[in-house]
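Novice: no sequence on hand, only this structure:
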């Protein structure tokens, strides 16, 4: 037995030494975006922490700041372990330079669209839904309402003044619910997901990784599907084997929440008259069609803005 233990220890030491000398491939993944900050300037970000970056983008979206869709750059390379941090820093720097080359002209050309003031086409519908939600203090109803508000704001069919008023009301209701009990078990998860409709019917997408769900949400929007907002639900289970059943229940809850009547509201918002001239936006697309990521950014905003 001792000889086997010594052999295992020797193998472990050899593997560790090979890793130190760079005999194995190491995969690097860097996530990047360009985000308008509160001072009005655009800053470029590159990080290996994708969850943090996506949450910053969600925050920017809520705070009326624009952003470029997240890009992901991956690279596998043999490198000594003690040079890993230095290489990651260099990879982040090259990603920042890459994004600036890709996005700088695009952001300049898109600026007039970003600054175009929204109309208030969606306000009657949103106020009607607000009346239906008010007084219930129900998390699901509030998420559904806020999803419509954010969609209308992104589509530029809700003015900033009215958006801020609805946001104040939403935050006030949420603060009144702060004392609601929170259930904690052995295993706690937050699942994220949304419903979309294609020619085959309604489908739901979900998972525990917010960044993955956001990316899929963007992809389906850009394929011109009818896509509902992302919802979340806190899940508590006692044992790990219960998680699969909990996720199945989550998807059933999602389909029930974002049901046909709610998807009809999504459709009604999409059909409302917007303020963006799509012909001018297409001109921008033709000007930057040499840049893959910049063109994707234009296509993303085309998928969420309502047109004249």
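Specialist: Perfect, thanks for sending it. A quick note: this is a predicted structure, and the numbers were derived from the prediction, not measured.
Novice: mean confidence score for the helix ranked longest in the chain?
Specialist: For the chain, the longest helix by residue count, based on DSSP state H, is helix 84-114. The average pLDDT for helix 84-114 rounds to 94.
Novice: how far off centre is that helix?
Specialist: Taking Cα atoms, centre = their mean, to the nearest Å, one finds the center of helix 84-114 at 19 Å from the center of the full chain.
Novice: so which bits of that helix are buried?
Specialist: Residues of helix 84-114 classed as buried: 88, 91-92, 95-96, 98-99, 102-103, 106-107, 109-110, 113 (neighbour count, 16 or more other Cβ atoms under 10 Å). C-beta coordinates here come from the backbone N, C-alpha and C atoms, glycine included.
Novice: which helices and strands sit right next to it?
Specialist: Contact analysis of helix 84-114 by 3 or more Cβ pairs under 8 Å, 6 or more residues apart in numbering; DSSP states H and E lists strand 25-36, strand 42-47, strand 71-78, helix 278-287, helix 292-304 as its packing neighbours.
Novice: circling back: now for the buried residues of helix 84-114: which two are most distant?
Specialist: 88 and 113 (35.1 Å; Cβ to Cβ).
Novice: next structured bit after the longest helix of the chain?
Specialist: Next helix or strand after helix 84-114 toward the C-terminus (DSSP states H and E): helix 123-133.
Novice: so which residues make contact with that following helix?
Specialist: Identification of contacts with helix 123-133 by Cβ atoms under 8 Å, 6 or more residues apart in numbering yields 141-142, 144-145, 148-149, 152, 158-159, 162, 166, 169, 265, 268-269.
Novice: following it, which helix or strand comes up?
Specialist: Following helix 123-133 in sequence, per DSSP H and E, is helix 139-154.
Novice: now do that following helix: which elements does it pack against?
Specialist: helix 50-62, helix 123-133, helix 160-176, strand 231-237, helix 243-257, helix 260-270.
Novice: can I get those in CSV including mean neighbour count and mean pLDDT?
Specialist: Conversion of those to CSV gives the following (neighbours: other Cβ atoms under 10 Å; pLDDT from 0 to 100):
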stretch, mean neighbour count, mean pLDDT
helix 50-62, 16, 89
helix 123-133, 15, 98
helix 160-176, 14, 95
strand 231-237, 17, 93
helix 243-257, 15, 95
helix 260-270, 15, 97
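Novice: so for residue 298, which of these sits nearest?
Specialist: Nearest of those (Cβ to Cβ): helix 50-62, 17.2 Å.
Novice: just give me the residue right at the centre of the protein.
Specialist: By Cα atoms, centre = their mean, the chain has its centre lying nearest to residue 214, at 3.2 Å.
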